[in-house]
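# sequence below, structure please.
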Amino acid sequence: TVGRTIWLYDAQDGVRRDKFPTKPARKAIQKDKNEEEFKYIDSAAKVMTASYIVKALAFSPDSNKLSVAQSDGGVYVYKLGRSWGQKKSICHKFLHDSPVNSLLWPPYLPSEDAQLVYGLADGAVVAAHLKSNKTKALGLSLSLSVSKSYVIALALHPDGASAVVSAHYDGSLCWHPLTSSSVSSSTYSSRLLAQHTCAPFVLAWVKNAVVAAGNDQHVALYHPELGQVLHVFDYSSSSPSSSVPCREFTCAAVAGSTLVVGNFDSLYVYKCTSSTQIATPVTATPILEHVGIHYVPHLFSATALAWSADERRLAVGSFCGAVDVYESMITLPSSLVQQQNEVHHQHQSSALLPLPSTSLPSHISPSVPLALSPEEQLFRDAKSMVFEKGIQLLQNQNQLEAAVDHAMAGKDFVYALKVLSLIH
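Numbers count the residues shown, from 1 in each chain. Purely as a prediction, here's the structure:
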């Protein structure tokens, strides 16, 4: 949460069972009770101890441990225990001078080679070995232009062990091996895989393709070895009459053959085809099939997506703080899908259906519209109009600056830059 507290929920009924606070990576000593100045033990860290945020979470394969990535450069591994309420203890700690932005825990690595993989704001992709408690930077052979670009996303190979792909702010997609046994000796080195058209905040590795998307309304599929563009889903020319036009893609989650990508007030659902061949730009065999778009009013930007262990439920975290839980119709028997669709026929996509409200506690919302403040409603109305007309709603400098902050928080950088061009 924003309060730097980890909340633990029961996967069966969604009830919050436990919580514990996180720890700052570096301690600060206050000079005087009446002063707001701090003396830092580590002079390399110029970040206020109380201002860090939790950037990413990842469970261990047995769910008994939880790794936490923080903006103050700390990566902690907490031992949760086997029952609710047990004392949480830190069993591993890795410190860096740069903020940690993304985090993975490969589930199928051998126990003697168990490691975390995370990306830093300085462009480094780090593998932290849990047995030796040592870290190793991946991609040292890459050019400086790539290795120093902000890491914004990571994606794990579908086998859960052999390699990862990192997405950087300059659009670079870099391939990194994790185990030497999974690749030949000639390819056991990090390399630049492809160059995306924008900052790829969405990154996923499905069967036979790497999927990347950002704020240009395109979802691109790349060859996982050659880096060639296999297919591009173009949503930039969506119909103006559409209830929710496509905007920036923000996050993604993969479960088996199903891929869900978050967008403004909507979730884009894809399904991998049954083809076992890696497609090439020459072949017409599609790797992903666009199943549909699930519209969620007042969702705003989806900030996090996560599948349950049985790949039957999808949890969606939103910018406004709500958590929605959906049941996947793709993985259910066809007879049940038909029955569910008769009840929820009003949804544009039957791939995802909200769970009944009676099965969820009050703090988990099954797509219930949130009450908007007047300011939020103003920004929403302004963005939904043609730019010139929408700007007329923002009457003063303060409203324009607030609109920029609102757009940046929702990762709508194109709109934010347009408004900034008017201010300056």
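# please enumerate the helices of this protein.
Counting by DSSP state H, the segments of the chain that form helices are 144-147, 334-343, 374-384, 387-391, 397-409, 413-423.
# lowest average confidence across these, which one?
Out of the helices of the chain, the stretch the model trusts least by mean pLDDT is helix 334-343, with a mean of 36.
# I figured Ser190 hits Trp175, correct?
Yes - under the criterion of Cβ atoms under 8 Å, Ser190 makes contact with Trp175 at 6.5 Å. Backbone N, C-alpha and C define where each C-beta goes, glycine included.
# so what's Ser83 up against?
With contact taken as Cβ atoms under 8 Å, 6 or more residues apart in numbering, Ser83 is in contact with no other residue.
# ok, Leu66 next?
Contacts were defined as Cβ under 8 Å, 6+ apart; by that measure Leu66 touches 6, 57-60, 77-78, 80.
# buried members of those residues into PyMOL, please.
To isolate in PyMOL the members of the contacts of Leu66 that are buried, counting by 16 or more other Cβ atoms under 10 Å, one can use:
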select buried, resi 6+58+60+77+78+80
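# could I get the contacts of Leu66 as JSON lines with pLDDT and distance to Thr22?
JSON lines is the format used below for the contacts of Leu66 (pLDDT from 0 to 100; distance: Cβ to Cβ, whole Å):
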{"residue": "Ile6", "pLDDT": "93", "distance to Thr22": "6"}
{"residue": "Leu57", "pLDDT": "94", "distance to Thr22": "10"}
{"residue": "Ala58", "pLDDT": "95", "distance to Thr22": "14"}
{"residue": "Phe59", "pLDDT": "94", "distance to Thr22": "15"}
{"residue": "Ser60", "pLDDT": "93", "distance to Thr22": "17"}
{"residue": "Val77", "pLDDT": "96", "distance to Thr22": "12"}
{"residue": "Tyr78", "pLDDT": "96", "distance to Thr22": "9"}
{"residue": "Leu80", "pLDDT": "92", "distance to Thr22": "13"}
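# what is the most widely separated pair among the contacts of Leu66?
In these, two members sit farther apart than any others by Cβ to Cβ. They are Ile6 and Ser60, at 14.3 Å.
# can you get me a residue count around Arg17?
12 (other Cβ atoms under 10 Å).
# what's the end-to-end length of stretch 19-26?
22 Å (Cα to Cα, to the nearest Å).
# once you drop chain neighbours, what's closest to Asp170?
Ser149 (4.3 Å; Cβ to Cβ, 6 or more residues apart in numbering).
# got the contacts of Leu66 as TSV, with distance to Cys91 columns?
Output for those, formatted as TSV (distance: Cβ to Cβ, whole Å):
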residue	distance to Cys91
Ile6	15
Leu57	16
Ala58	14
Phe59	14
Ser60	10
Val77	5
Tyr78	7
Leu80	10
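# wait, which of the contacts of Leu66 is closest to Ile293?
Leu57 (27.4 Å).
# for that closest one, give the beta-bridge partners.
Beta-bridge partners recorded for Leu57 (DSSP bridges): Val68.
# was I right to think it contacts Leu8?
No - the pair Leu57 / Leu8 is not scored as a contact, 10.5 Å apart, by Cβ under 8 Å.
# neighbours of Gly321, how many?
12.
# got phi/psi on it?
The phi and psi values for Gly321, taken as degrees, to the nearest 10, are phi 100, psi 0.
# measure it to Pro110 for me?
According to Cβ to Cβ, to the nearest Å, Gly321 and Pro110 sit 39 Å apart.
# and stretch 250-267, end to end?
Stretch 250-267 stretches 10 Å from its first residue to its last (Cα to Cα).
# oh, I was asking about stretch 206-223
Distance between the two ends of stretch 206-223: 11 Å, counting by Cα to Cα.
# and if you look at stretch 227-247?
Taking Cα to Cα, the span from the opening residue of stretch 227-247 to its closing residue is 25 Å.
# go on, stretch 91-101?
Using Cα to Cα, the distance between the terminal residues of stretch 91-101 is 21 Å.
# what about it, average pLDDT?
Mean pLDDT, stretch 91-101: 93.
# who touches that stretch?
Counting by Cβ under 8 Å, 6+ apart, 25-26, 44-45, 55-56, 65, 67, 69-79, 116, 118-122, 124, 126, 128, 130, 133, 135, 150-152 sit against stretch 91-101.
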